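Peer 1: Just to be clear, the model below is a prediction. Sequence and coordinates:
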Amino acid sequence: MTSAPKPYIVGTYGIVNHKLPGTELWAKLAGVHSQGALWNNGTFVQRDIRGKPGQISNHARGVAMDLSFRFMESNGKGVTNGRTKAITFLQQALDNWDLLGIQMIIDYWPNPHGRGWRCDRVGTAMPKPHAHEAWRKYDTPTVTGAPGGDWIHIEISRTMAENESLVQQAFTKAFPTT
């Protein structure tokens, strides 16, 4: 699916005082469609961005989720080779980023300082933005937890975050065989 860039607008959303149902379902379905590789490590919380006092986290806006690929056999979370399966899920999700309402992804794992994907960097001629110019590899410390963080931070549009039905429809279309 080819889509034109869209403005990154998450920072314009107001702060909420509770979890948003679409965000919760999005995180749950990511776990299902990643074959259990991703699990919800946290969505809504009112706090600042880690390491940046005074800057509100987008988790407080109800649109951000942290999905871990850590394998924790003792409590049934994750799977063996979780990162590999998580990246496969991300590639398919980003093939459908507009449909799924994805605004931003931060991948804390890769050296030297992680990487980020944003909807405002998608090229109009690139059919698979996850493999092209929408990703930026960070060469300087940019996000707390990188490199080596065992989770992926995903931000979705407020429209998706507030509407479980839209999330379900989008996942059904984006992942028809899983």
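Peer 2: That came through fine.
Peer 1: Paired strands for the helix or strand of the chain with the lowest mean pLDDT, with orientation please.
Peer 2: One helix or strand of the chain scores below all others by mean pLDDT, DSSP states H and E: strand 48-49, with a mean of 78. Strand pairing for strand 48-49, determined by DSSP bridges: strand 52-56 (antiparallel).
Peer 1: what are the C-alpha coordinates of stretch 97-110, in PDB please?
Peer 2: The C-alpha coordinates for stretch 97-110 follow below in PDB (Å, rounded to 0.1, in the frame of the first residue of the first chain):
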ATOM      1  CA  TRP A  97       0.600   2.300   8.500                       C
ATOM      2  CA  ASP A  98      -2.100   4.700   7.300                       C
ATOM      3  CA  LEU A  99      -4.900   2.100   7.700                       C
ATOM      4  CA  LEU A 100      -3.600   1.200  11.200                       C
ATOM      5  CA  GLY A 101      -3.300   4.900  12.200                       C
ATOM      6  CA  ILE A 102       0.500   4.600  13.000                       C
ATOM      7  CA  GLN A 103       2.000   8.000  13.600                       C
ATOM      8  CA  MET A 104       5.400   7.000  15.100                       C
ATOM      9  CA  ILE A 105       7.500   4.000  16.100                       C
ATOM     10  CA  ILE A 106      10.700   4.000  18.200                       C
ATOM     11  CA  ASP A 107      12.800   0.900  18.100                       C
ATOM     12  CA  TYR A 108      15.200   1.100  21.100                       C
ATOM     13  CA  TRP A 109      17.300  -2.000  20.200                       C
ATOM     14  CA  PRO A 110      19.700  -1.100  17.400                       C
END
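Peer 1: related to what we said a few turns ago, where's the least confident helix or strand of the chain relative to the chain centroid, distance-wise?
Peer 2: Centroid separation for strand 48-49 versus its chain: 17 Å, with C-alpha atoms, centre = their mean, to the nearest Å.
Peer 1: Fine by me, thanks again.
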